[in-house]
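In: Build me a model:
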Amino acid sequence: MNPILLQLRDVEKDYRGLRPLRIRALDVRHGESVALLGFDQITAELFVNLVTGAVTPDAGVVRAFGQSTSEITDADAWLASLDRFGILSERAVLLDQLTVAQNLAVPFTLELAPIPDPVMANVRRLSGEVGIHGGELERLVATVTPSVRARVRLARALALDPLILLAEHPNAALPADDVAGFAADLSRAIATRRIASVTLTADRTFAEAIAEHVLTLQPATGELKARAGWRSWLGR
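Out: Reported below is the predicted structural model:
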């Protein structure tokens, strides 16, 4: 059986909202894709911060790669753990004054004019993987469509070969006509890499297009419930 990469049990975190964020139980195994409904922008960011160890829970346990995040007290150890996550978020800064290719090169080098040939090979591989066409690579990020911006963020999140992709409402800024295409590219990238993923979204159709398991948060109890007809898989 695939190992559990991410595990939450009886987690509670106060964030000055109507009630604390509560998550009763969640297991994410290597290679599994999970979509979570019921998280707004604030709680989605808090969830990502909890599972990456940027913040610790007030109660309960978050384990990433077998280690409780509360046990990480050394900055170097935290950074090493963080490297195993790819984070797809509007919070990820894009450099509008640089080209798409230069933005994709940033995870590998600060030599951007010109981009070294080995790095450019990585840029082309990533761009093809996420559905960025060759002609878009030389455009300034400030001039590209929301769909291309979303794919630049996705490529950046995948650049350093994470074990888990965490996505915060990745389709929220997309025009309705672009959502299905982006879902297809996201799903294909996850499947091709055989990585785990957790996507927080408000769009059930998008969730079902990109994830094997779709769960909805019950805020009062913290339970994550699958819709009737979906296979029960928590607590395996």
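In: Residue 180 is in contact with residue 203, isn't it?
Out: No: assessed by Cβ atoms under 8 Å, residue 180 is found out of contact with residue 203, at 10.8 Å. Every C-beta, even on glycine, is put in place using the N, C-alpha and C of the backbone.
In: Show me which of these two is the more surrounded one.
Out: residue 203 (20 against 14; other Cβ atoms under 10 Å).
In: need the contact list for that one.
Out: 171, 179 (Cβ atoms under 8 Å, 6 or more residues apart in numbering).
In: rerun at 6 Å
Out: residue 171 (Cβ atoms under 6 Å, 6 or more residues apart in numbering).
In: can you give me the helices for the chain?
Out: 41-52, 75-82, 100-105, 117-130, 146-158, 176-193, 204-210 (DSSP state H).
In: buried set for the second one?
Out: Going back to what we said before, that points to helix 75-82. Using 16 or more other Cβ atoms under 10 Å as the test for burial, helix 75-82 gives residue 81.
In: what angle separates that helix from helix 41-52?
Out: Angle of helix 75-82 versus helix 41-52, following axes from the mean of the first three to the mean of the last three Cα atoms, to 10 degrees, is 110 degrees.
In: pLDDT of helix 75-82, averaged?
Out: Across helix 75-82, the average pLDDT comes to 86.
In: Minimum distance to residue 169: which of the helices of the chain has it?
Out: Among those, helix 41-52 comes nearest to residue 169, with 5.9 Å by Cβ to Cβ.
In: which stretches of this structure have low pLDDT?
Out: Counting by pLDDT under 70, the ranges of the chain that qualify are 228-236.
In: Looking at the helices of the chain, spot the one closest to residue 11.
Out: Between the helices of the chain, helix 41-52 lies closest to residue 11; by Cβ to Cβ that is 6.7 Å.
In: Who are the packing partners of the closest one?
Out: strand 164-168 (3 or more Cβ pairs under 6 Å, 6 or more residues apart in numbering; DSSP states H and E).
In: neighbouring contacts of the strand it packs on?
Out: Strand 164-168 has contacts (Cβ under 6 Å, 6+ apart) with 5, 44, 48, 85-89, 195-200.
In: Distance check, residue 8 against residue 101.
Out: Residue 8 sits at a distance of 38 Å from residue 101 (criterion: Cβ to Cβ, to the nearest Å).
In: I meant residue 91, not that one.
Out: Separation of residue 91 from residue 101 (Cβ to Cβ): 22 Å.
In: Name the residue in these two with the higher neighbour count.
Out: Legend: neighbour count by other Cβ under 10 Å for residue 91 and residue 101, higher for residue 101 (24 against 11).
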